[in-house]
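1. Structure, please.
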Amino acid sequence: MDKDSYNARLLEHITGAAACFAVTVSKESGLLNVFLEPHEPMTVAEIAAKSNLRQRYVQEVLGCLVTSRIIQVDDNSEKYSLPPELRTCLKGMLISFDLADHLNKRTEDLKSLLDPNGIKGYPTHSRGNIGDKMDELVNTDINGTIDGMFLRSTPDIQQKLETGIDFLEFGCGQGALILAMAEKFPNTRFLGVDISKDAVAVLEKEIQKRKLANLRVEQGDILKLDEKLIEKFDMVHIHDVLHDMGDSVKGAENIKKVVKPGGIVNIIEIVLKGNNHKENIEDPMAPQMYGLSSTVCIPESHNQSGTPGMGCTSGMKGIKEMLTKAGYPLDKLVINKAQNPLLYRFTWYK
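-> Next comes the predicted model:
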């Protein structure tokens, strides 16, 4: 890369950071809602009145949104709008802006993690509202999520869920997925297990609110497997969690133990395009994933046991190596893309 190209790339990063800032502020203040709902082109004064915000500051924030090409303005620079097709795109990407904001708020944490005399790790749920953001990501298209994680390419799983089986989700968090599954498949008996007592408490309240008799939740650590769970489930699911564990290999080994003979293990993991830094240069999602890995995944791993931590950036090679060590023969794994370009399904039949 020559000097001019390098400078242009740096400027793109600086401009992108400003755009992320403007989107986050606009979302949290209510300004963005004006554009996410059906609307006619509006003046600054109309936008300020609709959002109940100070007009002069609205004008400057709109300037950032327009020059970042997130919101459109007419040729006279008087009326602002967002066409329906772009509105849909922005709605779908808002969670990514939220995750970028989460990274910005972890600056002091990462400085301490880098310092040999600083903290070694922390529980994910102790930093910001990352649990809410993960739920929001799942709920963006819950039917598409269920299809991509369970039903697509494996029709036998849908039939089993409809008939009624014993289903366990490890690392269920606040329950976005398992709540939707329990509602969609009332004949199946669901159990959610998570290491965070705060997440479990949130899910317990939601179960009561929705009056779901086929869903239970309890606090538990997959690395300290409760013997009462062994060979009790027809299907066990774990989504975006193995790489957060203090010992990913042991976690994958224990997952197999809770499945009945003939049962199904369904593992969802983030897979970048490459297996190392050089190979990931061309992956547009890699910078955000490395940021999240250093502020969410590895701190969680270190908090559990102080191991190096797998993180979410090990690539297909690293995930296959981990699963092989845990006793999953590669020729027995069914590997498919899930609903998200970053996610892959690893399905194993016991």
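
2. what about the protein, any weak spots by pLDDT?
-> Within the chain, the segments meeting pLDDT under 70 span 131, 135, 137-141, 153, 306-307.

3. List the contacts of the longest strand belonging to it.
-> Residue-count comparison of every strand in the chain, with assignments taken from DSSP state E, identifies strand 259-270 as the longest. In this structure, residues lying in contact with strand 259-270 by C-beta atoms under 8 Å, 6 or more residues apart in numbering are 149-150, 157, 160, 166, 231-240, 242-243, 252, 255-256, 289, 312-313, 319, 323, 328, 338, 342-350. In short, each C-beta sits where N, CA and C put it, glycine included.

4. Where strands are concerned, which of those count?
-> Assigned to strands by DSSP E, the following of those qualify: 166, 233-239, 343-349.

5. any idea how far C297 is from N303?
-> Per C-beta to C-beta, to the nearest Å, N303 is found 11 Å from C297.

6. which of these two has more neighbours?
-> Neighbours were counted for N303 and for C297 using other C-beta atoms under 10 Å; C297 has more, 23 against 19.

7. Quick one: the strands in this structure, in order.
-> 72-73, 80-81, 166-170, 189-194, 215-219, 233-239, 259-270, 333-337, 343-349.

8. In this model E28 seems to touch S51, though I could be wrong.
-> No: contact status for S51 versus E28: not in contact, 11.7 Å apart, counting by C-beta atoms under 8 Å.

9. Which one of the two is surrounded by more residues?
-> Here S51 and E28 are compared on neighbour count by other C-beta under 10 Å; more neighbours surround S51, at 18 against 11.

10. Could I get the contacting residues of that one?
-> With the criterion set at C-beta under 8 Å, 6+ apart, S51 makes contact with 29-31, 33-34, 58.

11. Pull the most distant pair out of those.
-> Pairwise distances across those (C-beta to C-beta) peak at 12.8 Å, for the pair N33 and V58.

12. Mind telling me which residue is nearest the centre of the protein?
-> M134 (4.4 Å; C-alpha atoms, centre = their mean).

13. is it true that that one touches A176?
-> Yes: between M134 and A176 there is a contact under C-beta under 8 Å: 7.3 Å.

14. got a list of what K325 touches?
-> The neighbours of K325, taking C-beta under 8 Å, 6+ apart as the test, are V249.

15. Between the ones in strands among the contacts of strand 259-270, identify the one with the most neighbours.
-> Compared across those, V236 has the highest neighbour count, 29 neighbours, by other C-beta under 10 Å.

16. Distance from stretch 214-228 to the middle of the chain?
-> How far stretch 214-228 lies from its chain's middle: 22 Å, per C-alpha atoms, centre = their mean, to the nearest Å.

17. H239 - nearest residue in space that isn't next to it in sequence?
-> Nearest residue to H239, sequence neighbours excluded (C-beta to C-beta, 6 or more residues apart in numbering): I268, at 4.2 Å.

18. what's the burial count for the nearest residue to G327 once chain neighbours are set aside?
-> Leaving aside its sequence neighbours, G327 sits nearest to E253 (C-beta to C-beta, 6+ apart; 6.2 Å). E253 is flanked by 18 other residues according to other C-beta under 10 Å.

19. Ok, T313 next?
-> Other residues near T313 come to 25 when the count uses other C-beta under 10 Å.

20. contacting residues around it?
-> With C-beta under 8 Å, 6+ apart as the criterion, the residues that contact T313 are 270, 272, 280, 286, 289-290, 293.

21. same thing with L223?
-> The contact partners of L223, by C-beta under 8 Å, 6+ apart, come to 245-247, 250-251, 254, 304-305.

22. Among those, which one sits closest to P116?
-> Sorting the contacts of L223 by distance to P116 puts S305 at the head of the list, at 18.6 Å, by C-beta to C-beta.

23. was I right about that closest one contacting D244?
-> No: proximity of S305 to D244 does not meet the contact threshold set by C-beta under 8 Å, at 11.6 Å.

24. Which one's more surrounded, those two?
-> Just comparing S305 and D244: by other C-beta under 10 Å the higher neighbour count belongs to D244, 24 against 13.

25. Assess the claim that the more buried one and N303 are in contact.
-> No: if you go by C-beta under 8 Å, D244 and N303 don't touch, sitting 9.6 Å apart.

26. With F233 as the reference, measure out to the residue nearest to G327.
-> Going from E253 to F233 by C-beta to C-beta gives 16 Å.
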